[in-house]
Each structure stands twice: as structure tokens, then as C-alpha cells.
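Undergrad: Okay, structure incoming, though there's no sequence with it:
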């Protein structure tokens with residue numbers, strides 16, 4: 001096993017995919033000579049050449065459009081969207097074409113396209129550089145949507161996504177790019193399955209991407225007060241691995257879900273509704289959501305107030321346990337809605 005940052009683990013995953021399959025090609029803005037703004041593709045163009053690692057114009061619709069044509073011709077394109085907020089010009093291609101071509105052609109055409117998207121906040125970036133658009137794509141039939149939280153998952157899941165015949169939106173938590181961890185290239189865990197990362201008995205806490213590390217910290221902090229929190233890394237956002245979450249909630253009787261995206265219409269709402277359907281008689285309290293706010297993403301100086309942090313997640317755990325919480329105090333005082 002090797003100690004790598006999450007960004008370097010992605011780099012080694014891409015290098016392995018390029019070496020193993022001549023059909024794999026990389027497309028993106030500044031991914032070649034520069035190595036990408038986060039240096040995820042550093043050195044790959046020098047090793048595999050300009051025809052395998054292609055610098056593209058500043059046009060996301062063109063990047064995805066070209067990937068569709070390459071997929072038609074039997075290639076396995078991997079597209080980089082430089083920042084999450086830049087994906088919207090390619091929304092039509094992803095939702096109207098990539099997601100539907102397999103179904104539209106009755107299986108005659110496959111779209112083995114992987115679209116890498118650095119997402120989330122926490123890096124003090126400017127407008128359009130820190131967003132969480134994952135729910136748009138999880139809502140779209142025909143797309144797989146996954147996200148990693150550790151260097152091991154970054155390496156393994158990216159290779160699995162590239163090998164998959166379905167189109168995959170691969171969301172990378174940009175504020176965790178510099179997180180270090182051990183990577184075993186032989187490790188396997190199905191990329192559409194969630195994983196229990198901390199076992200517990202009192203509350204189930206579900207997170208994904210950038211907030212998994214914060215959820216683990218919350219479990220440690222809660223244990224100091226005698227509360228046993230089970231943390232689940234969701235990993236796949238579409239399809240959702242409801243079986244793993246259901247098994248945990250049947251044990252704990254309580255559910256807290258956290259994500260950086262806004263609350264309204266988010267993944268937390270779908271998860272809460274689905275688990276309530278499956279576990280209604282086992283729930284001791286209503287599922288609690290700890291999320292970003294239903295506002296445009298704020299300026300860098302205010303993002304620490306927007307992003308769910310340790311205190312807000314622990315407050316959600318208190319709500320699930322029926323304890324007085326900061327939100328309850330605000331509601332009773334008329335200070336929040």
C-alpha cells in the first residue's frame with residue numbers, strides 16, 4: 001500500500017486506466033500541459049501523448065459533445081469539468097443525450113463516459129467555483145452518480161467508473177484533494193454500495209463526499225458524551241444503496257443526513273423519505289437533515305457559516321435523540337423558520 005493524497009490517488013487511477021485500455025482518453029480544460037487546476041492529471045499527457053490526454057477549448061458543451069462522438073466510436077472518454085459551477089453549459093448534452101442514448105437505441109449504443117466534477121466548498125473560491133449540483137444529475141434516469149471521500153475510494157471508484165458501460169458523474173470533494181491515506185491498488189468494493197465507516201448503536205449518520213470526514217469527527221465527539229453514532233459513507237448517489245442505510249436504521253432507530261448542498265429537493269430529502277417508507281415502525285424520531293442553506297452559495301468570507309460543520313451535525317444528532325438543540329431554541333424564540 002502507498003500513502004497518497006486524494007488528488008494523487010485520482011492521478012494514479014487515471015494512469016492505470018490509460019495504461020490498461022487504449023480506448024480510454026481524457027478531455028478537459030488545461031488537463032494536458034498544466035496538469036489540471038488541481039494537478040489531478042499532472043504528467044499524464046507527457047506519458048500518454050496529446051491524442052490520449054487532450055486540452056480542450058473553454059466550452060463544456062463541446063467537451064461533452066466530443067465525448068459523445070468518441071463513445072459512439074468505441075472509446076471510453078473521461079471528461080474533466082474544471083469546477084462544479086462550470087457544468088451547466090453541458091447540462092443539455094448530459095441530460096438530453098448522454099443519459100438517454102442507451103435507452104433511446106434499445107441498448108444498441110452505449111455511453112461509457114466518465115465525467116469528473118470537483119464539487120463542494122471549503123477552499124475560499126469565487127462565484128461558480130464552489131457548488132453542489134449533484135441532485136440535478138441524481139434525478140436524471142440513465143446516469144450513475146458517485147462520489148469519493150478517501151484516497152482509496154478515489155483511486156478504486158474512478159477506475160470502476162471508467163470500466164463501467166454506463167455514463168458516470170464522478171464528484172470529487174475538492175477541499176479533500178490534499179487529504180492523505182493509504183491506497184491499495186488491488187482493493188475492491190462495489191462502487192454503487194455504501195459503506196459503514198464507524199459502527200454505532202444510537203444514531204445513524206449518513207454523509208457523502210466532503211462531509212464524511214466531518215461526520216467521523218462528529219461520531220468521535222458524540223462518543224465523549226456517551227452517544228454511539230454509526231457513520232455511513234453513501235458513496236453512490238444514484239442508485240442509492242438503501243439496504244445498507246435501512247439495516248443501520250433498523251438497529252439505531254434514528255437517522256441524521258448531512259450534505260453541503262441546499263436542503264430543498266436535495267439527496268437528504270429522498271433518503272429521508274425512502275428510509276421512512278422502509279423503516280417507519282423502527283424509527284424513534286423523524287429523520288433530521290443538516291445541510292447547506294436554500295440560498296445561492298455565499299462569498300468566500302461567509303462559506304464557513306454556510307457549510308455544515310461539527311457543531312451543526314452534533315445539533316442534528318441532538319434533535320434525533322430528542323435533546324434540546326440550537327435549532328429548536330431558535331424556532332421557539334422566533335429567530336428562524
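TA: Yep, it's here. On a predicted model such as this, the values are computed, not experimentally measured, just so you know.
Undergrad: Report how many residues lie close to residue 313.
TA: Residue neighbour count, defined by other CB atoms under 10 Å, stands at 25 for residue 313. C-beta coordinates here come from the backbone N, C-alpha and C atoms, glycine included.
Undergrad: Likewise for residue 194?
TA: Count around residue 194 with other CB under 10 Å applied: 21.
Undergrad: you'd agree it is up against residue 241?
TA: Yes - the pair formed by residue 194 and residue 241 meets the contact definition of CB atoms under 8 Å, at 4.1 Å.
Undergrad: and residue 83, what does it touch?
TA: 37, 118, 125, 128-130, 174 (CB atoms under 8 Å, 6 or more residues apart in numbering).
Undergrad: Just the buried residues of the residues you listed.
TA: With burial judged by 16 or more other CB atoms under 10 Å, the buried subset of the contacts of residue 83 is 37, 118, 125, 129-130, 174.
Undergrad: what are the ranges of the helices in the stretch 201-337 of the chain?
TA: 212-223, 242-252, 267-279, 303-306, 310-320, 326-333 (DSSP state H, counting those that start in this stretch).
Undergrad: one step back: from the contacts of residue 83, which has minimum pLDDT?
TA: Among those, residue 128 has the lowest pLDDT, at 88.
Undergrad: How about that one: what's its closest non-neighbour residue?
TA: Distance criterion CB to CB, 6 or more residues apart in numbering; nearest residue to residue 128, sequence neighbours excluded, is residue 85 at 3.2 Å.
Undergrad: quick one: the strands in this protein?
TA: 2-5, 24-28, 53-55, 76-80, 114-119, 144-147, 168-173, 180-183, 195-198, 203-207, 229-233, 236-238, 255-262, 288-292 (DSSP state E).
Undergrad: Output the buried ones among the contacts of residue 83 in a markdown table; the columns should cover distance to residue 202.
TA: A markdown table is the format used below for the buried ones among the contacts of residue 83 (distance: CB to CB, whole Å):
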| residue | distance to residue 202 |
| --- | --- |
| 37 | 42 |
| 118 | 35 |
| 125 | 37 |
| 129 | 38 |
| 130 | 33 |
| 174 | 32 |
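Undergrad: Closest to residue 204 out of those residues?
TA: residue 174 (26.8 Å; CB to CB).
Undergrad: Give me the nearest residue to that closest one, chain neighbours excluded.
TA: Among residues not flanking residue 174 along the chain, residue 118 sits closest, at 4.0 Å (CB to CB, 6+ apart).
Undergrad: thinking that neighbour is in contact with residue 84, fair?
TA: Yes - counting by CB under 8 Å, residue 118 touches residue 84, with 6.2 Å between them.
Undergrad: Just give the number of residues close to residue 49.
TA: 12.
Undergrad: mind checking how far it is from residue 42?
TA: Residue 49 is 15 Å from residue 42, where distance means CB to CB, to the nearest Å.
Undergrad: care to break the protein down by domain?
TA: By the record's domain assignment, the chain is partitioned as 2-183, 195-333 (automatic domain parsing).
Undergrad: Now those domains in TSV, please, with extra columns for distance to residue 189.
TA: TSV is the format used below for the domains of the chain (distance: least, CB to CB, whole Å):
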stretch	distance to residue 189
domain 2-183	7
domain 195-333	7
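Undergrad: per-residue confidence for residue 229?
TA: Predicted confidence (pLDDT) for residue 229: 98.
Undergrad: Then residue 332?
TA: Residue-level pLDDT assigned to residue 332 equals 65.
Undergrad: Out of the strands of the chain, which one sits most buried?
TA: strand 203-207 (a mean of 29; mean count of other CB atoms under 10 Å).
Undergrad: How far off centre is that one?
TA: Averaging C-alpha positions (CA atoms, centre = their mean, to the nearest Å) puts strand 203-207 16 Å from its chain's average.
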